[in-house]
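*Asks:* Sequence and predicted structure, then a few things I'm wondering about:
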2 protein chains.
Amino acid sequence: MQKEDDSESGGRPPPVELSALGEDGLIRRIRKAVGPDRERLIRGVGDDAAVAATAEKSLFTTDLMIEGVHFLLERTPPRLLGRKALAVNLSDIAAMAGTPKFALLSLGAPPGFSAAAMDQILAGFLERAEETGVALVGGDVCRAERLLISVCVIGEVEPPGPVYRSGAAADDLLFVTGELGDAGLGLKRLLDLAPPVTEELIAGDPLAGPLRRHLDPDPRLGEGRRLAGKATAMMDLSDGLLADLPRLLLESKVPGAEIELERVPLSAQFQKHFQVKDRLAGEALQTALGGGEDYELLFTAPAGLESELLTLGAQGVSIARIGRLSGEPGLRLLDRDGAAVDCPAPAFEHFAVPGRNRGAGS
Amino acid sequence: MQKEDDSESGGRPPPVELSALGEDGLIRRIRKAVGPDRERLIRGVGDDAAVAATAEKSLFTTDLMIEGVHFLLERTPPRLLGRKALAVNLSDIAAMAGTPKFALLSLGAPPGFSAAAMDQILAGFLERAEETGVALVGGDVCRAERLLISVCVIGEVEPPGPVYRSGAAADDLLFVTGELGDAGLGLKRLLDLAPPVTEELIAGDPLAGPLRRHLDPDPRLGEGRRLAGKATAMMDLSDGLLADLPRLLLESKVPGAEIELERVPLSAQFQKHFQVKDRLAGEALQTALGGGEDYELLFTAPAGLESELLTLGAQGVSIARIGRLSGEPGLRLLDRDGAAVDCPAPAFEHFAVPGRNRGAGS
């Protein structure tokens, strides 16, 4: 016989594993957590497909997160993992100047995975969904060797959106929202902490801000929409400026860009941690421009709009001009006096083989 | 120096791995394979999100396929794997009486995975997309320990659709499209073949039909749409009738159903292989009703529509009445003379732990 409350004995019930819930049990649990259907959702979780009333112009995006590749289970509080799995998709919708509406959530996990941790992942996902007006409408659950989360988000966009990556002109200025590098610094800090990393541990850490930027990024949805009609090209920074900016340039068929290092916006904690004085250099430079996962918006706009954009930034998340596009090929990092600074190594590459040197001739 | 053509030396170039393509290289390859944008697709692969003109009522569905769980790499020709990854999602759209329009494809693979095999997976996916009027509009690629494919399909539905799982009444009749059990028989056969299993090997096998039903299922899109306005509840058979029918009953709040075993439609190859004479029994029974992955449609309709539905079936994929719903709780399998037959064991459960007996008391 199992007691409902075993506080008297001081013991804890053994953790429930997914194998005890079963596939249908997990789906029922998700369905219960989702709650009643939202406006414009005609049929949500539980049928072969979800049915929803859609706007004239829809946005579709998807992102995969895999344990050991995108996150380390022992160092990621499950609630924040759920929040992030949705947020990285919302960031893509923000980068199109759109509004997210519906999400599909697929979960793969080993049979021994804790049902309580899965509940926390789901709770975090639904919290973030609630904050952003998104309805979870379906998904899939299955066995996997390692935890994996695949999310698909459907959004909508109204004129003057969407903003593509492809609209930049060679004489446009280059802007970012927020501050760069905190997510990279947070990741470095996370790897130094002794697992398990809990939310309490994070809250008490001297680098709590950067840790939270890495573990629980804020999609710039409002900023994205306000930039529609002003930004000529826009994308979100997921792999770091040095990896992402070339993608925007390629799509816009603009040969190059200059980044003024002293203009790159940095948080007070970042500056203090790296003892940044005059300008970015060394590890600070690599973290700010190559660290990845900032999920800020990178965008271009004509020079004539600069003051209007900076005013827009003063109303919420800051906006900073960090450089300009250029007809000269390649990325150039410029010092305060306009001297070129060496570019740090390229960012994370998913299919890199450890030990194989890309640049080696043999 | 590398030769463009090494046919003179008789050697083959070493197989290209994903690590040589890189993440952006694989995305470029996908983008090139996808070709020009389709009608109503405003922006496809390559931006933060895809943009499309959507119908008033949209359908969303997603399915995960993981190596070692859903397929065995050495026994699955990669082109067929690509076809199936899309088809299982299309089957969900068919089960809602909808029309698929857009797909997102996420791929996880080890750095050493063959670029040629990935091309074949993509080619198969795009072939199936072409056949069904679906545009690949985006996705994600990343490193994973094992190959995984996550697909999301967006469709549309017009009145008298959609058909839900929840509309059945206790006195409705029960129908299926096509034949049951071939996919299960194909899987058994596949596990007996010596890897690597190629398309040539399959074509020459005495059980080529069942093998193909397992490896390359046909989504019943036309049938699904033609059943709108007639079927009261509908779903696709992915886990086998014995696992799926209780889900339909649960959604429809109907307590039970009777299946007349002699009415279960079986292919000639299935009947020959299992030497089915009068009625389903033993392994044949378990394969036909519990095998899974048939991707046929299971649906209910009032008795008055039976002759019309059977006529509908005579025009293409067959339709068979296999039983009726019932106010009496549970599933009953009936012999020709109306005698009850024991139900075989339940179908595949994703979170089952090998060696742990569900029914055991201790």
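*Replies:* Noted; the coordinates are in hand. Residues are numbered from 1 along each chain as shown, chains lettered A, B, ... in the order given.
*Asks:* got the contact list for stretch A:336-351?
*Replies:* Around stretch A:336-351, the neighbours that count as contacts under Cβ atoms under 8 Å, 6 or more residues apart in numbering or on different chains are A:69, A:239-240, A:242-243, A:260-262, A:278-279, A:281, A:285-286, A:289-292, A:331-335, B:17-19, B:21-23, B:26, B:109, B:111, B:141-143. For every residue, glycine as well, the C-beta is placed using N, CA and C.
*Asks:* right, and A:Met65 touches A:Ala87 too?
*Replies:* No. Using Cβ atoms under 8 Å as the test, A:Met65 is too far from A:Ala87 to be in contact (10.7 Å).
*Asks:* What does the pLDDT read for A:Asp37?
*Replies:* For A:Asp37, the model assigns a pLDDT of 63.
*Asks:* just A:Gly361 next, same as before
*Replies:* The model reports A:Gly361 with a pLDDT of 34.
*Asks:* do the same with A:Phe348
*Replies:* 61.
*Asks:* secondary structure class for A:Pro14?
*Replies:* Classification of A:Pro14 using DSSP: H, G, I helix; E, B strand; the rest coil returns coil.
*Asks:* got the contact list for the residue most central in space within chain A?
*Replies:* Geometric centre of chain A, nearest residue: A:Val88, 3.4 Å, by Cα atoms, centre = their mean. By Cβ under 8 Å, 6+ apart, the residues touching A:Val88 are A:Asp63, A:Met65, A:Val151, A:Pro217, A:Pro219, A:Ser238, A:Tyr295.
*Asks:* A:His214 now?
*Replies:* Per Cβ under 8 Å, 6+ apart, neighbours of A:His214: A:Asp182, A:Ala183, A:Gly184, A:Leu185, A:Gly186, A:Leu187, A:Leu190, A:Glu293.
*Asks:* just to revisit the earlier point, Throw together a ChimeraX command that grabs the buried residues out of the contacts of stretch A:336-351.
*Replies:* Buried members of these, defined by 16 or more other Cβ atoms under 10 Å in any protein chain shown, are picked up in ChimeraX with:
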select /A:69,239,240,242,243,260,261,279,281,285,286,289,290,291,292,331,332,333,334 /B:17,18,19,21,22,23,26,109,111,141,142,143
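*Asks:* Please work out which residues outside the helix or strand where A:Arg28 lies touch it.
*Replies:* Assigned by DSSP states H and E, A:Arg28 falls within helix A:18-34. For helix A:18-34, the surrounding residues in contact (Cβ under 8 Å, 6+ apart) are A:44-46, A:105, A:107, A:109-115, A:118-119, A:122-123, A:126, A:135-136, A:139, A:141-142, B:247, B:349-353, B:356.
*Asks:* If any of the residues you listed are buried, put those into a ChimeraX selection.
*Replies:* ChimeraX command restricting those to the buried ones, with burial defined by 16+ other Cβ under 10 Å:
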select /A:44,45,46,105,107,109,110,111,113,115,118,119,122,126,135,136,139,141,142 /B:247,349,350,351,353
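*Asks:* so of the contacts of helix A:18-34, which ones are in helices?
*Replies:* Those of the contacts of helix A:18-34 mapping onto helices are A:Ala115, A:Met118, A:Asp119, A:Leu122, A:Ala123, A:Leu126, B:Arg247, per DSSP state H.
*Asks:* quick one: which of the residues you listed is nearest to A:Thr76?
*Replies:* Top of the list for closeness to A:Thr76, among the ones in helices among the contacts of helix A:18-34 and by Cβ to Cβ, is A:Met118 at 13.5 Å.
*Asks:* Now that A:Arg263 has come up, it's in contact with A:Gly323, right?
*Replies:* Yes. Assessed by Cβ under 8 Å, A:Arg263 is found in contact with A:Gly323 at 6.9 Å.
*Asks:* higher neighbour count, those two?
*Replies:* More crowded of A:Arg263 and A:Gly323, by other Cβ atoms under 10 Å in any protein chain shown: A:Gly323, with 23 against 17.
*Asks:* isn't there a strand covering the more buried one?
*Replies:* Yes. With three-state DSSP as the criterion, A:Gly323 is part of a strand.
*Asks:* how about the residue of the stretch 201-350 of chain A found nearest chain B, phi and psi?
*Replies:* Across the stretch 201-350 of chain A, the shortest distance to chain B (Cβ to the nearest Cβ) belongs to A:His350, at 4.3 Å. Note on A:His350: backbone dihedrals following degrees, to the nearest 10 are phi -60, psi -40.
*Asks:* Could you look up the SS state of A:Val151?
*Replies:* Taking three-state DSSP as the rule, one finds A:Val151 in the strand state.
*Asks:* nope, A:Leu298 is what I meant
*Replies:* Classification of A:Leu298 using three-state DSSP returns strand.
*Asks:* close enough to count as contact, it and A:Gly240?
*Replies:* No. Look at A:Leu298 against A:Gly240 with Cβ under 8 Å: they stay out of range, at 10.3 Å.
*Asks:* Show me the two of the ones in helices among the contacts of helix A:18-34 that sit farthest apart.
*Replies:* By the measure Cβ to Cβ, A:Ala123 and B:Arg247 form the most distant pair in the ones in helices among the contacts of helix A:18-34, at 25.2 Å.
*Asks:* Point out the residues in the stretch 201-350 of chain A that sit beside chain B.
*Replies:* Residues of the stretch 201-350 of chain A lying close to chain B by Cβ under 8 Å from any Cβ of the partner chain are A:Met234, A:Met235, A:Asp236, A:Arg247, A:Glu251, A:Glu349, A:His350.
*Asks:* Tell me which helix or strand A:Ile66 sits in.
*Replies:* A:Ile66 belongs to strand A:57-66, assigned by DSSP H and E.
*Asks:* right, I mislabeled it, should have said A:Leu86
*Replies:* Counting by DSSP H and E, A:Leu86 is part of helix A:78-94.
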